[in-house]
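**Student:** I would like to see how this sequence folds:
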Amino acid sequence: MKDGRKGEREREGERERVRRDKEKVKNKTVNAIVERQARILAIYRFNSFFRLLVVKTEAVILSS
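**Tutor:** Here you go, the predicted model:
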């Protein structure tokens, strides 16, 4: 009977390890997606700023 409980505890520990491993993989996946979205947003912001800078520079050149 004692051996049966020990086996159950070992199985429970194994289930917990599997659950934690799945959670780690999920977290890494979510982090990768968030990092990719942040990079895309940074590029978009830079392009918007650069486009605005070009337009303003053209306006200054044309007005002079």
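**Student:** okay, CA-based contacts and neighbour counts for the rest of this
**Tutor:** OK.
**Student:** average pLDDT for stretch 24-33?
**Tutor:** Averaged across stretch 24-33, pLDDT comes to 95.
**Student:** for that stretch, the distance to its chain's centre please.
**Tutor:** When distances are taken as Cα atoms, centre = their mean, to the nearest Å, stretch 24-33 is centred 6 Å away from the chain's centroid.
**Student:** Convert it to CSV, retaining C-alpha atoms only.
**Tutor:** Taking C-alpha atoms only, stretch 24-33 is exported to CSV below (Å, rounded to 0.1, in the frame of the first residue of the first chain):
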residue,chain,number,x,y,z
LYS,A,24,7.5,27.1,-20.5
VAL,A,25,7.0,26.4,-24.2
LYS,A,26,3.8,28.4,-24.3
ASN,A,27,5.5,31.3,-22.6
LYS,A,28,8.4,31.2,-25.1
THR,A,29,6.0,31.2,-28.0
VAL,A,30,4.0,34.1,-26.6
ASN,A,31,7.3,36.1,-26.0
ALA,A,32,8.5,35.4,-29.5
ILE,A,33,5.2,36.7,-30.9
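**Student:** So, low pLDDT: which residues of the chain?
**Tutor:** For the chain, the stretches flagged by pLDDT under 70 are 1-6.
**Student:** go again using 50 as the cut-off
**Tutor:** Of all residues in the chain, those with pLDDT under 50 make up the ranges 1.
**Student:** quick one: the helices in it?
**Tutor:** Taking DSSP state H, the helices of the chain run over residues 2-63.
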